[in-house]
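**Q** model this:
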Amino acid sequence: MQLSPALLDWFARAAAAAATQKRQDFGIPELLIAALEDPDNLSEVWEGLLQGEEHREALLRHFRQASSAVAAQEAARDAAPQSEEFPAEVLEAVDELALPPDEAILSVLASWQQEKGEDELDDDPLLQLVLYNWNHLYPMPLEKLGIELQRKGEGAADFLRAFFAPEQDLNRRYGQDPMQGLLPYPDYCRAAMEVLVRRYRQNLLIYGLPGVGKSMVLRRLVEETAAGRVPRIFAGKRFFEFNRELFLKDLQSQTDLQARFDVLRLHLEQHPEIILVLDGIQHWFANATTVMQDFLQRLLGLLRYKKLHFVLLADVEFFNRVFKTNPIFEEWLSPLYIKPLTRSDVLLILEQIKDKFEEGYGISLDRAQLERVVEMSEAHVRTSQFPKKALILLDVALSIQALDDGPEPLAWESALRLALGRITGQESADFPDLQERLTRLEELLRERIIGQESAILEVCRTIRFTKSDLDLNPDRPDGVFLFAGPAGVGKKYFAGELSRILYNREPFVVDLSDYQEAESLQLITGRVSQGEGGYPAPSVLERLRVEPRRVLLLKNLEFAAGEILHYLLKGFEEGFLRDASGQQMPVGETTVVLVSDILGFEPHGSMGFSSPEDRRLDEAALRDYFTPDLLRGVDKLVVFQPLAESDLQRILTERIVPAFQSKVARLGHDLTVSPDVSRWVARLGTRLELSGQNVDRKFDELVAERVNEAILASSGKALRIQVSLLDGKLELVSTPLAE
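**A** Next up is the predicted model:
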């Protein structure tokens, strides 16, 4: 390219000035120095630049490089005030700098405006660069030259000034007020920087469960950058919040929307040090309006430009439903998964920020109180993860204590229970202490489990040990049990009640009969099957990761492929399960129950028992039934014995009959069932070798169906129904219920 001698000389002097400062680029400071040395050539330089397509391309590159250099200098100076300022001779001589003749600029702009229509003028990249960056690069404002850019919609200069205002500058926001108690997150920050210096897959997606601290990770990265505690290649990066409302304010038309994106892209290309942060983008997808859909399409289109850098903060749902289902996103975005924090991490955060809470509420806090916050938030708050739920619980509990004006100070434990009630909507009595639950575990299980006293004792002893500080393998699950016994004796019911007592939530049930082939392992670790709405169904690990603190119930053990069992048992032994992308899901807060109905196991040669002694299962025989690898992977083989007649009678008397009477009462009738009826059904169930699972079906057949026929024959009248046993036969008497 042939440039004017004066221009080449100017650039050469600027490059020499940059070399003396050991810089690899040059920007406006060096250009000013070079110009001051020979101001007489300024007119020739500008005339050479503003004439001809090649010269305009040269000026285009100059503006991009100069504006980037200035922004990088200013960013470094803001981040490290001790660094050197611009050379003093430049600052002193700025006001004396001779600008290009006004007539030359005005004549060139006028000729462009005459030769091009308004639409073409808006698209001219050189004109946009010159005018939109003039006030940033040169001391003489355009307004004093009488030059204004005329374009449709909002003025681009005003738009950019508002969009990149100091209020949106995260370096300024977080750098001036570092957050107390923020964890270092060194691994996350390093991984994020590795993405944001690339040219391919250079946009970062930070995702995780609600409340895990995605914004905290970003904030730590911004704080480290603003303070200059980052590698040299990352120094000078500027993080700006993408303000959607500001971007769409006073939008005139789709043409104006496109113009704003064009201006934004052009500005970001000029300033490669800028990184735009988009928080909560998953909520934007829920807006189905035409404007929002057009906005999202154009916004996501910016991800494909290799010179631009974005950080998206989103939840796991966005990762599963949008990122994983659109292969093109995997070319534009690099995901960074934020794991939920451990108890010790959350406790550390609370200890570091408790001063602010104490100052705000005038209440002193000790470590024991903070430990209770961590424990109770983990056990009872399900809407978010650590650390957010612990911070919310602490804040609510302190507000309750601060407003308490009773004669006696409100106890911290009572304040926590009241706070949990405010957060979850449950009664404060529904949040028993874990230690209290462990102490009363046998009692609570005996109230719900019938006929399995030995199983209750073995499970409670193991659970109490694995949840104590004496556990030698705290990373392993809090108990890995193999429940073995005939179908219908209460194994799955036992696991469900154990989950409700220990964790106050339902068990996570996995039917291993769905994993009979080795290839089905990807259903546990990856995402392949189609789910609701055509989206890939979440894997087992993705669903379990949302609430890992519960009982993991693995039923139909006999049907699982050997590779599936090996993967699970190996993960339980190591303390984590690994998904298809290599991410680890800890299982240390999970209790695992594998359930086997011992299909094909026939003690004493037959499943038919001729005496009560024959009905008991032998644990030694069962150990021969299961493989050694399986038994090595479990903490306890828990044998569930067949139910005796007295057990079936208790099930009928305490559960089945009261539940049926309640249903009848809701229809306006009164039902009485004689105790003899329960004994008769239980005796019959024992002879038929019925279990607790199907004795209710025998009750339906013998009692409930006859009651239903009587109600249907009453023509809507309320009845008093009595069911009794007469001469070994069931008798049902129904009479109108007196008003």
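**Q** Could you check how far the most centrally placed residue in the chain is from residue 283?
**A** What sits nearest the mean C-alpha location of the chain, by Cα atoms, centre = their mean, is residue 209, with 1.6 Å. Using Cβ to Cβ, to the nearest Å, we find residue 209 at a distance of 16 Å from residue 283. For the C-beta atoms, the positions are set from N, CA and C on the backbone; glycine is no exception.
**Q** Could you tell me which ranges of this protein sit under the pLDDT cut-off?
**A** Residue ranges of the chain with pLDDT under 70: 1-157, 428-430, 527-537, 602-615, 738-739.
**Q** Okay, domains of it per the record?
**A** Per automatic domain parsing, the structural domains of the chain span 5-150, 166-337, 343-426, 436-639, 645-736.
**Q** how about these in JSON lines, adding distance to residue 159?
**A** Formatted as JSON lines, the domains of the chain follow (distance: least, Cβ to Cβ, whole Å):
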{"stretch": "domain 5-150", "distance to residue 159": "10"}
{"stretch": "domain 166-337", "distance to residue 159": "6"}
{"stretch": "domain 343-426", "distance to residue 159": "35"}
{"stretch": "domain 436-639", "distance to residue 159": "37"}
{"stretch": "domain 645-736", "distance to residue 159": "64"}
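**Q** Can you check which of the ones you listed gets nearest to residue 160?
**A** Nearest of those to residue 160, taken as Cβ to Cβ: domain 166-337 at 5.7 Å.
**Q** got the buried residues for stretch 159-173?
**A** Across stretch 159-173, burial judged by 16 or more other Cβ atoms under 10 Å covers 159, 160, 163, 164, 168, 169, 170, 171, 172, 173.
**Q** And for stretch 635-647?
**A** Buried residues in stretch 635-647, defined by neighbour count with 16+ other Cβ under 10 Å: 635, 637, 638, 639, 640, 641, 642, 643, 647.
**Q** Straight-line length of it, end to end?
**A** Terminal residues of stretch 635-647 are spaced 28 Å apart (Cα to Cα, to the nearest Å).
**Q** now what about that stretch, what contacts it?
**A** Stretch 635-647 has contacts (Cβ atoms under 8 Å, 6 or more residues apart in numbering) with 450-452, 454-455, 458-459, 462, 466, 479-486, 489-491, 494, 609, 612, 615-617, 619, 622-623, 626, 631, 651, 682-683, 685-686, 689, 691-692.
**Q** Filter those down to just the ones in helices.
**A** 454-455, 458-459, 462, 466, 491, 494, 619, 622-623, 631, 651, 682-683, 685-686 (DSSP state H).
**Q** Restrict those residues to the buried ones and give me that as a PyMOL selection.
**A** Here is the PyMOL command that selects the buried residues among the ones in helices among the contacts of stretch 635-647 (16+ other Cβ under 10 Å):
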select buried, resi 455+458+459+462+466+491+494+622+651+682+685+686
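**Q** out of the buried residues of stretch 159-173, who's nearest residue 218?
**A** So of the buried residues of stretch 159-173, ranked by how close each gets to residue 218 (Cβ to Cβ), first place is residue 170, at 8.1 Å.
**Q** give the contact list for that closest one.
**A** With the criterion set at Cβ under 8 Å, 6+ apart, residue 170 makes contact with 219, 222, 239, 240, 241, 277.
**Q** Now neighbour count and secondary structure too, for those residues, in TSV please.
**A** Shown next, in TSV, are the contacts of residue 170 (neighbours: other Cβ atoms under 10 Å; DSSP: H, G, I helix; E, B strand; the rest coil):
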residue	neighbour count	secondary structure
219	19	helix
222	25	helix
239	26	strand
240	20	strand
241	17	strand
277	19	strand
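**Q** okay, those in CSV with distance to residue 705 next?
**A** Shown next, in CSV, are the contacts of residue 170 (distance: Cβ to Cβ, whole Å):
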residue, distance to residue 705
219, 65
222, 69
239, 70
240, 71
241, 66
277, 65
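**Q** Taking those residues together, which two end up most distant?
**A** 219 and 240 (14.1 Å).
**Q** now for the host helix or strand of residue 734, which elements pack on it?
**A** Using DSSP states H and E, residue 734 maps to strand 729-736. Secondary-structure packing of strand 729-736 (3 or more Cβ pairs under 8 Å, 6 or more residues apart in numbering; DSSP states H and E): helix 705-712, strand 719-726.
**Q** in the first one, what's buried?
**A** Meaning helix 705-712. Of the residues in helix 705-712, those buried (16+ other Cβ under 10 Å) are 706, 707, 710, 711.
**Q** which residues touch that helix?
**A** Contacts of helix 705-712 (Cβ under 8 Å, 6+ apart): 660, 664, 667, 669, 671, 719, 721, 723, 730, 732, 734.
**Q** could you redo the last one with a cut-off of 6 Å?
**A** The contact list for helix 705-712 (Cβ atoms under 6 Å, 6 or more residues apart in numbering) reads 721, 732, 734.
**Q** need the helices for the stretch 451-600 of the chain, in chain order.
**A** In the stretch 451-600 of the chain, the helices defined using DSSP state H, counting those that start in this stretch lie at 453-466, 491-503, 521-525, 540-546, 562-574.
**Q** Tell me the spacing between residue 237 and residue 196.
**A** Counting by Cβ to Cβ, the gap from residue 237 to residue 196 is 7 Å.
**Q** Those two: which is more packed in?
**A** residue 237 (23 against 20; other Cβ atoms under 10 Å).
**Q** which residues touch that one?
**A** The contact partners of residue 237, taken as Cβ under 6 Å, 6+ apart, are 225, 273, 275.
**Q** switch to 8 Å and redo it
**A** Residue 237 neighbours (Cβ under 8 Å, 6+ apart): 75, 196, 225, 230, 273, 274, 275.
**Q** can you check residue 562 too?
**A** Applying Cβ under 8 Å, 6+ apart, the residues near residue 562 are residue 518.
**Q** For the stretch 151-300 of the chain, just list every one of the strands.
**A** Assigned by DSSP state E, counting those that start in this stretch, the strands in the stretch 151-300 of the chain fall at 203-208, 238-241, 274-279.
**Q** got the angle for the last one vs strand 203-208?
**A** Right, the one you point to is strand 274-279. If you take axes from the mean of the first three to the mean of the last three Cα atoms, to 10 degrees, strand 274-279 sits at 30 degrees to strand 203-208.
**Q** Which elements pack onto strand 274-279?
**A** By 3+ Cβ pairs under 8 Å, 6+ apart, strand 274-279 packs against strand 238-241, helix 254-270, strand 310-315.
**Q** what is the orientation angle of that strand with strand 310-315?
**A** Put simply, strand 274-279 runs at 10 degrees to strand 310-315, going by the same axes, to 10 degrees.
**Q** Run the chain-centre distance for strand 274-279.
**A** Mean-position distance between strand 274-279 and its chain equals 19 Å (Cα atoms, centre = their mean, to the nearest Å).
**Q** what's that strand in contact with?
**A** For strand 274-279, contacts defined as Cβ under 8 Å, 6+ apart pick out 71, 164, 170, 196, 215, 218, 237-242, 267-268, 299, 308-313.
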